[in-house]
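>>> Below is the sequence, then the predicted model.
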Amino acid sequence: MDFSEWTLSAIREYDSSFSWMEEYRFNWIPQVSSALSKILEGYTVIVVTDREFKWYSDYIIDRVNSVNKNRPFIPVYNIDALFPQAYSLNETMELDSLYDMFDISFANGYLFWYIGSGEHRHYEYIEQNKSNIIWRLNHEVEGIFSLKKGDDLIDIKLIQSFKLFDKALEAALVGEVEL
């Protein structure tokens, strides 16, 4: 099944509290489709969030490889787990060294999954590669999944967005969708 059709169908399977995603799916689909293709090719996913959304990074890491899921484990890591000082790096040379380390460590390739307002120093690097997943808060950019940080339901929308991503990952792993 085409990924766009699959996404719309999956959104509609959820209860009405998820209907908001129908209008956002047009920016969600290209990024997630590309990311899922990369994951199937053996890429590692490195999750980067603004400090305020660290809880969401933990949520993703906690659930993506739950032992209760009947699928292979996916290489998804929080940037803090890979390099605890990552958030304190500010100089261009320091950041270049970190990304050189990732290039060496992940020979099959890697992509970033950024969730935040774009204020994080790493964002400048992450946005340059169109293969990365960017869930930008408070700034609408064509082709980037964007939500309003001040939305009273932002936490719920992030959790629902991950659930859809996880369901899409499952569908991609079993060949249920064409990416």
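On my side now, so go ahead.
>>> What ranges does the protein have for its helices?
Taking DSSP state H to define them, one finds helices in the chain at 3-13, 21-40, 54-64, 79-82, 92-105, 123-126, 154-173.
>>> and the ones you listed as TSV, adding mean neighbour count and mean pLDDT?
Where you see a C-beta, it was placed from the backbone N, CA and C, and this is true even at glycine. What follows is the helices of the chain, written out as TSV (neighbours: other CB atoms under 10 Å; pLDDT from 0 to 100):
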stretch	mean neighbour count	mean pLDDT
helix 3-13	16	94
helix 21-40	17	93
helix 54-64	16	95
helix 79-82	17	94
helix 92-105	12	92
helix 123-126	17	86
helix 154-173	18	95
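>>> Output these in JSON lines, with distance to residue 73 appended to each entry.
Putting the helices of the chain into JSON lines (distance: least, CB to CB, whole Å) gives the following:
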{"stretch": "helix 3-13", "distance to residue 73": "22"}
{"stretch": "helix 21-40", "distance to residue 73": "12"}
{"stretch": "helix 54-64", "distance to residue 73": "9"}
{"stretch": "helix 79-82", "distance to residue 73": "15"}
{"stretch": "helix 92-105", "distance to residue 73": "17"}
{"stretch": "helix 123-126", "distance to residue 73": "24"}
{"stretch": "helix 154-173", "distance to residue 73": "11"}
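>>> quick one: furthest residue from the center of this protein?
Farthest-out residue of the chain from its mean C-alpha position, per CA atoms, centre = their mean: residue 93, at 25.7 Å.
>>> Once you drop chain neighbours, what's closest to the most centrally placed residue in the chain?
In the chain, the C-alpha closest to the average C-alpha coordinate belongs to residue 113, at a distance of 3.8 Å (CA atoms, centre = their mean). Nearest in space to residue 113, with sequence neighbours left out and distances taken as CB to CB, 6 or more residues apart in numbering, is residue 133 at 4.2 Å.
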